[in-house]
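Student: Sequence unavailable; structure follows:
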């Protein structure tokens, strides 16, 4: 989804990771451009790496419904733009606005407690010990995999399909596609199952089998819950987060180009 950018100069709140290059960039930018408190901002400019960009989206953007323009110090990541000090206001005015709909993870722990978190990239389950995990996978209340013996499994959005999902040999999904990637991590049995593509509207449930002997953790982006028994994941369109991109470095083009990377 691409919105029409605002005509008035945006009021900027800068945030930066603790890394020295990001802090130096923060000092340089705040000398050149006025900044306002987060409560008065129209846009957040995030300085750092992809991981810090995810933190910014979760910590600041989601609660305030503010768009985020990320600048990475170094190689451009999938959620970032090139770092430049010049013409920031013009870049913000011309930027494309892309709404990312996160996944909502709901977890039941071994103790019976419940936990809920959002994931922009993926929800992943991983074994906690040397014992392989045993998972039963449900899609929309139908058992699709009776028993998966593996290191873990994940459900990824299109925006996150080029991250952990790709490393686990999952498919790259075009931005705006109406699907999610369901990918096993180092599957042992069944050997031939390499994952599935499910509808974005699907609710996927992971049931942890033999959880006392084979403990499993669940992670939504950077939020981890250990010793889980059941994990339910579905898209949460009402909690969409907006990321801004320079037109010449659109997220859609980067994801498309990744499919032809050699």
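Tutor: Cool, the structure landed. Predicted, not measured: the structure shown is a model, and the values here were computed from it. Numbers count the residues shown, from 1 in each chain.

Student: in the helix ranked longest in the chain, what's buried?
Tutor: The residue-count maximum for a helix in the chain (DSSP state H) belongs to helix 20-32. For helix 20-32, the neighbour count (16 or more other Cβ atoms under 10 Å) marks 21-22, 25-26, 29 as buried. The way it works is simple: take the backbone N, C-alpha and C, and place the C-beta from them, glycine included.

Student: do the same with stretch 96-112
Tutor: 96-98, 100-109.

Student: what's the answer for stretch 207-214, then?
Tutor: 207-209, 211, 214.

Student: Return the item of the residues you listed having minimum pLDDT.
Tutor: Ranked by pLDDT, the buried residues of stretch 207-214 bottom out at residue 211, which scores 92.

Student: In contact with the residue lying closest to that residue once chain neighbours are set aside, which residues?
Tutor: Excluding the flanking residues, the one nearest residue 211 by Cβ to Cβ, 6 or more residues apart in numbering is residue 229, at 5.3 Å. Neighbour list for residue 229: 108-110, 207-208, 211 [criterion: Cβ atoms under 8 Å, 6 or more residues apart in numbering].

Student: again with residue 255
Tutor: Residue 255 neighbours (Cβ under 8 Å, 6+ apart): 78, 158-159, 161-162, 172-175.

Student: Please identify which two of those are farthest apart in space.
Tutor: Farthest pair in the contacts of residue 255 (Cβ to Cβ) is 78 and 174. Separation: 13.2 Å.

Student: Would you mind telling me which of these two has more residues around it?
Tutor: Higher neighbour count among residue 78 and residue 174: residue 78, with 21 against 12, using other Cβ atoms under 10 Å.
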